[in-house]
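Novice: Need coordinates for the following:
(one chain, ligands or ions: 1)
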Amino acid sequence: MIESALLVGGAGFLGSHVARRLVGRGLHVTVATRRRERAKHLILLPTVDVVEADVFDAAALARLCVGQDAVVNLIGVLKGGNGQPYGDGFARAHVDLAGRVARAAWLAGIPTLAHVSALKAAADAPSGYLRSKAAGETAVRTAFPEATIFRPSVVFGDGDSFLTMFARLLKYAPIVPLASPDARFQPVWVGNVADAVVEALVRPESAGRTFELCGPREYSLRELVEFTGRVTGRRRLVVGLPPALSWAQAAMLEAVGGPMTRDNLRSMSVPNVCETGCALPFELAAAALEDVASSYLARPSR
Ligand SMILES: NC(=O)c1ccc[n+]([C@@H]2O[C@H](COP(=O)([O-])OP(=O)(O)OC[C@H]3O[C@@H](n4cnc5c(N)ncnc54)[C@H](OP(=O)(O)O)[C@@H]3O)[C@@H](O)[C@H]2O)c1
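Specialist: Residues are numbered from 1 along each chain as shown. Now for the predicted structure:
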């Protein structure tokens, strides 16, 4: 039985859900963040320590690992710059840091490591994001062969940035010009992803395995935007952009620091769906988007 866990990148969307579940099981949870302010929603939880740390600093990372029974790496970025095989931001967050966390856990003798990668990560994937996630998996496996790796499709739930971003966009835009409208996704509920991570920490049979995580149904990007419009009462005309205009929109948004980059568009050229259909380990029951999303998307603040 484990009694403690270190969550690296634990102040983010998924990490916060994992932290709450671990606290619910009575574990002592250390959340490492670059800014304590980011984790203020976790500070009041009874058995959580929020620690501001630079996890690139080997000594700081080693200190965080002392006395932990498990480590979960939840660090990820959607914008990491351009370059071959991936931009510098992706190299740092997805590859370098993933290897550092895995090595630190191994050197500290921690028996259990869970690492969150991404569905369709591959060395020959079309985007730097997906190529760097694949390189990160390799770095983790090299340093800590028994790590459990998770590859979720896009994750939805309270605090997500995906559907919530559409909800905000629909609030102000009378018409939505949508890049890559036919891109495929199989969204998975954050509660299911967090449960899978927590189960992996307590089930020895998950050591060394890689799990894809997908929800019950596939959707096109257009369907997801239209669904968000129905749930929020903001039905708008969604105009799908052809490839050249999708590219131009992504380039423009990338240049102004908007919510999309050309690399994101490249990621969307691969169907983000599980080959085996709905995929969840540990007998978890997949929650449907339709049953969960209205509870948080319909809030007036969205
Ligand atoms: N959300 C999705 O739809 C989705 C889908 C597939 C895979 N994933 C993967 O799941 C994991 C968690 O995602 P999330 O949605 O919870 O992301 P998130 O809310 O953005 O949280 C990511 C965390 O990464 C940390 N981080 C980012 N860049 C960093 C850097 N350069 N140095 C140190 N820390 C850094 C942040 O820590 P601070 O607290 O220090 O800011 C943040 O807490 C990521 O690996 C992501 O790639 C997510």
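Novice: Tell me the residues on this protein that lie near the ligand, please.
Specialist: 9, 11-15, 33-35, 38, 55, 74-77, 92-93, 116, 118, 152, 154-155, 162 (C-beta under 6 Å from any ligand atom). (C-beta placed from N, C-alpha, C; glycine too.)
Novice: Go again with 5 Å.
Specialist: With C-beta under 5 Å from any ligand atom as the criterion, the chain meets the ligand at residues 9, 11-14, 33-34, 38, 74-77, 93, 116, 118, 152, 154-155.
Novice: Could you tell me which of the residues you listed are located in strands?
Specialist: 33, 116, 152, 155 (DSSP state E).
Novice: Which two among those residues are spaced furthest apart?
Specialist: Farthest apart among those by C-beta to C-beta are T33 and P152. That separation is 21.0 Å.
Novice: Between those two, tell me which one has more neighbours.
Specialist: Counted by other C-beta atoms under 10 Å, T33 and P152 do not tie: P152 has more neighbours, with 26 against 21.
Novice: so who does the closest residue to the more buried one other than its chain neighbours touch?
Specialist: Nearest residue to P152, sequence neighbours excluded (C-beta to C-beta, 6 or more residues apart in numbering): L213, at 4.1 Å. Contact analysis of L213 by C-beta atoms under 8 Å, 6 or more residues apart in numbering lists 119, 150-153, 188, 192-193, 196, 274, 279-280.
Novice: most surrounded residue in those residues?
Specialist: Counting neighbours by other C-beta under 10 Å, V188 comes out on top of the contacts of L213 with 29 neighbours.
Novice: where are the low-confidence patches of this protein?
Specialist: Applying pLDDT under 70 to the chain flags the ranges 300-302.
Novice: Helices of this structure, start to end?
Specialist: Here the chain has its helices, by DSSP state H, at 13-24, 40-43, 58-65, 88-90, 97-107, 128-143, 162-172, 190-202, 221-232, 243-255, 262-267, 289-297.
Novice: between the ones you listed, which one is nearest to P181?
Specialist: That would be helix 221-232 among the helices of the chain, by C-beta to C-beta, at 4.1 Å.
Novice: what residues does that closest one touch?
Specialist: Taking C-beta under 8 Å, 6+ apart as the rule, helix 221-232 contacts 162-163, 166-167, 170-171, 176, 178, 180-183, 185, 187, 219, 234-236, 238, 240, 268, 289-290, 293-294, 297-298, 302.
Novice: can we see that at 7 Å?
Specialist: 163, 166-167, 170, 176, 178, 180-183, 185, 235-236, 238, 240, 293-294, 297-298, 302 (C-beta atoms under 7 Å, 6 or more residues apart in numbering).
Novice: just stretch 102-112 next, same as before
Specialist: Residues from elsewhere that reach stretch 102-112, judged by C-beta under 7 Å, 6+ apart: 2, 61-62, 65-66, 68-71, 113, 139-140, 143-144, 147, 201.
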